[in-house]
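> got a predicted structure plus its sequence, pasted below:
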Amino acid sequence: MVDTLLYSVLIIAIAVLLFSVRVIFKKGGAFKSQHIHDNAYLREQGIHCVIDQDKEARNKGKAY
């Protein structure tokens, strides 16, 4: 039981360390944004955040 817990904590610690390599070792390093609106390729393809797509769809449906 204790062995399993220690192995789990060790695996999680290694994963966190590997995910944060850029932040730790690069001067002024930061995590990359995971938001759709920050991805240039998706913007070129016309793919937006679901909230923005919903706003566009609602505005297209309004008749003035």
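Cool, the structure landed. Residues are numbered from 1 along each chain as shown.
> ok, for residue 23, nearest residue in space, not its chain neighbours?
The shortest distance from residue 23 to any non-neighbouring residue, by CB to CB, 6 or more residues apart in numbering, is to residue 29 (4.7 Å). Every C-beta, even on glycine, is put in place using the N, C-alpha and C of the backbone.
> secondary structure class for the one you found?
Going by DSSP: H, G, I helix; E, B strand; the rest coil, the secondary structure assigned to residue 29 is coil.
> ok, now how distant is it from residue 20?
Here the criterion is CB to CB, to the nearest Å. By it, residue 29 lies 9 Å from residue 20.
> again with residue 30
Where residue 20 is concerned, residue 30 sits at a distance of 10 Å (CB to CB).
> which of those two has more residues huddled nearby?
Taking other CB atoms under 10 Å, residue 30 and residue 20 do not tie; residue 20 has more neighbours (12 against 8).
> I'd like the next helix or strand past the lengthiest helix in the chain.
Using DSSP state H, we find that the single longest helix of the chain is helix 2-19. As assigned by DSSP states H and E, the chain's next helix or strand after helix 2-19 is helix 21-25.
> CA atoms of that next one as CSV?
What follows is helix 21-25, C-alpha atoms only, in CSV (Å, rounded to 0.1, in the frame of the first residue of the first chain):
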residue,chain,number,x,y,z
VAL,A,21,10.8,22.4,-18.0
ARG,A,22,10.2,25.5,-20.1
VAL,A,23,9.2,27.6,-17.1
ILE,A,24,12.1,26.4,-14.9
PHE,A,25,15.0,26.5,-17.4
